[in-house]
Every structure is written in structure tokens, then in C-alpha cells.
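Engineer: Next comes the sequence, and after it the predicted model I'd like to discuss.
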Amino acid sequence: MHLNSQILAAMKTFEASARLQSFSQAANELSITPGAVSQQIKNLERQLGVVLFTRKTRQVELTTQGGQLYETVQPALLSLNNCIGRMKRLNLEGNVRLRSIPSFVFNWLIPRLGGFQKRYPDIRIETFADGSLLDLKSRDFDIAIDYGDGHYPGLGHTLMMEEYLFPVVSPEYFSEIDWSASGALNRVPLLHDTAPWVGAAPDSEWRYWLEVNGMPGVDSSRGHYFNRSDMAIKAAVSGLGVAIARESLITDEIIRGRLIAPYAKQKCRCSYYIVYPEGVLSNPRVKAVHDWLLEIGRQPC
């Protein structure tokens, strides 16, 4: 079978659906209806003679053949997009207003901004760090990066990267505790970020990790509370107790040996989303920032 215009036209829809594991989210990203996405995928499957997705109630999963196609299509589309971006970047000049929470800006975004500057020297990102939670109501931004559940009424959004949680302690504290013992976490102070996402209870991250990790006997409300995750992590580095950490924000501390993870990580209920006013991605500067964030967000921490 040779490529034809219909197959080529459906590849972007296929890539978005495979990446997001959702026809409705793909439709939102591509600014088309979920029905249009479903129809394009059905037509593609019919022309290829294979089933690409297993349909479930709220999501879709790639079949073996779908996974093989995605492994080829995703880098090809990304490479094509990057090529077009390089050709257009000389015409890109001006400011882009970006908002996010301080811990993410300091620990994840700033160390990577140099790479953006090299690629787009004429785009100036104006970075604003809000409080412990991102205020999206004023919409005084072109791009925002939020840690949330993907519900953003009236705003466009793209999943940038998933997050993982795990407890961390200082090396000195680690050596004092038998972490394999039953109830070990009941004998140490827990360090909390009281506002990890909108509407979260002060002990939400600890409670979530304990439930997913199968530790029902630990009192998640104990310990010390901070209104920012970087404060809780600093307290752990200082030996105050054991903090629940987000993988994307503490890679450097783990590499340098300033923190140790005594337990396995678990996928968090929230992820990082690129959020933007509807229609703003038609601006080439904003689109360049959006696509760059999407690219580096999928790279290993």
C-alpha cells in the first residue's frame, strides 16, 4: 500500500489520539469535534486494514500495530514540525508572557530556558512565578504551566508531562530508620505541601501516595506543613523529616545525594499542563513556546 492524501491527513489526528490516549482530548488539541477524530481514525484503520486502538469508556489504548505506527509517526511529525519551526524562526520576534508556580519555575523551567534562547534568540519569555497555586482567572498570560487535573473551562490546554510522587529524606535521616519495618512512617515527621493543586486537602499528596502504595495504617495528617513544595523539600534536606516529592522538581537533589528515596515512586493524580487562552496559538511566538515546552516535557528528567 502506498501513502495517499487521506492517510497523510489522518496522521496528525492519529498521533494526538495516541499521545493523549483520548479522542476527546485530541479533538480539543486539534480544534475539531470528537466525532471528526473518531471518523478519521476509523477511515485510517479501514485503509490500513488494522485496528489501531482499543476503545474504552473514557480513553483509548494503542494496539500492538497502533504502537508500532506511533513509534514511527510521532518522531516523524515532531521532526517535520521542528524543521518548519527552524525555517520560520527568523521571522519570530517579541515577548511571550509565561506564568507558573515558583517551585516549577525555579527547579524545572529556569535550568532549561537556555535551550529555548539558543533556538529562538528573538523571542523573549517574560516569566512570572505566582503563589503556591496558579491563578488562571485574570488570564494575563500567553502561556501558563499548571499542576492540575486537566480541567480548564474556557481555556485551551495540552498535557505536557506526567508527574510521580515518592518520599525523600536526607542521607543522615535515612540511616537512622529501618524503612522496611512495618509502620516506619508513623515514627517520623511527615513534611507536607499544603496546596499541591486547587482544592486539595493539606495532606492530599501524602494520603494519595500512601493509598496507592498500600500503607493504610499510616496517619497522613502528622508532621509539619508548608504552603510550597520547595519549602517542604528544603526541610527534608535539612533533616526535619520525610517529604513527599515530585520527581520533576528534585532530580538534582537526588543526583547530588542530598536526598534519598526509601520507597518506590507512584504516578500522581495530577500532571503538568500547558494552559493558554483560546486562539492564542495562532501567534507564532506563543506556538513556538508551546511546542518547545511540549518537546522538553517529554524528555527524561
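Structural biologist: All right, it came through fine. Numbering: from 1, shown residues only.

Engineer: how far away is residue 197 from residue 238?
Structural biologist: The spacing between residue 197 and residue 238, counted by Cβ to Cβ, to the nearest Å, is 25 Å. Just so you know, the C-beta spots here come from the backbone N, C-alpha and C atoms, and that holds for glycine as well.

Engineer: More neighbours: which of the two?
Structural biologist: More neighbours surround residue 197 than the other of residue 197 and residue 238, with 17 against 12 (other Cβ atoms under 10 Å).

Engineer: Might you report the residue contacts of that one?
Structural biologist: Neighbour list for residue 197: 133, 147, 148, 149, 204, 270 [criterion: Cβ atoms under 8 Å, 6 or more residues apart in numbering].

Engineer: Just the buried ones from the residues you listed?
Structural biologist: 133, 147, 148, 204, 270 (16 or more other Cβ atoms under 10 Å).

Engineer: Quick one: those as CSV, columns for secondary structure, distance to residue 96 and pLDDT too.
Structural biologist: Below are these laid out as CSV (DSSP: H, G, I helix; E, B strand; the rest coil; distance: Cβ to Cβ, whole Å; pLDDT from 0 to 100):
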residue, secondary structure, distance to residue 96, pLDDT
133, coil, 22, 76
147, strand, 20, 92
148, strand, 21, 90
204, helix, 32, 93
270, strand, 25, 91
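
Engineer: hang on, the earlier thing: nearest to residue 17, of the contacts of residue 197?
Structural biologist: residue 149 (20.2 Å; Cβ to Cβ).

Engineer: Please give me every residue in contact with the closest one.
Structural biologist: Contacts of residue 149 (Cβ under 8 Å, 6+ apart): 197, 269, 270, 271.

Engineer: These in strands, which ones?
Structural biologist: 269, 270, 271 (DSSP state E).

Engineer: so what's the second one closest to, chain neighbours aside?
Structural biologist: With Cβ to Cβ, 6 or more residues apart in numbering as the measure, residue 197 is the residue that lies nearest to residue 270, at 5.0 Å, once sequence neighbours are left out.

Engineer: And the first one, by the same measure?
Structural biologist: Distances taken as Cβ to Cβ, 6+ apart put residue 208 closest to residue 269, at 5.9 Å, once the chain neighbours are dropped.

Engineer: go on, the last one?
Structural biologist: Counting by Cβ to Cβ, 6+ apart, residue 271 lies nearest to residue 162, which is 4.8 Å off, once chain neighbours are set aside.

Engineer: picking that back up, out of the contacts of residue 197, which one sits closest to residue 296?
Structural biologist: residue 147 (16.4 Å).

Engineer: Identify the residues contacting that closest one.
Structural biologist: Counting by Cβ under 8 Å, 6+ apart, the residues that residue 147 touches are 101, 104, 134, 163, 196, 197, 246, 270, 271, 272, 273.

Engineer: Let me know whether my guess that residue 25 is in a strand holds.
Structural biologist: No - Residue 25 is assigned helix when assessed by DSSP: H, G, I helix; E, B strand; the rest coil, not a strand.

Engineer: shouldn't it be in contact with residue 159?
Structural biologist: Yes - using Cβ atoms under 8 Å, residue 25 is in contact with residue 159, at 7.4 Å.

Engineer: what's the overlap in contacts for those two?
Structural biologist: Common neighbours of residue 25 and residue 159 (Cβ under 8 Å, 6+ apart) are residue 150.

Engineer: longest helix of the protein?
Structural biologist: As assigned by DSSP state H, the longest helix anywhere in the chain is helix 64-88.

Engineer: who are the neighbours of the helix or strand following that one, in terms of helices and strands?
Structural biologist: Next helix or strand after helix 64-88 toward the C-terminus (DSSP states H and E): strand 94-100. Counting contacts by 3 or more Cβ pairs under 8 Å, 6 or more residues apart in numbering; DSSP states H and E, strand 94-100 is packed against strand 123-129, strand 143-148, helix 284-297.

Engineer: Now the element after strand 94-100, going C-ward?
Structural biologist: Taking DSSP H and E, what comes next after strand 94-100 is helix 102-104.
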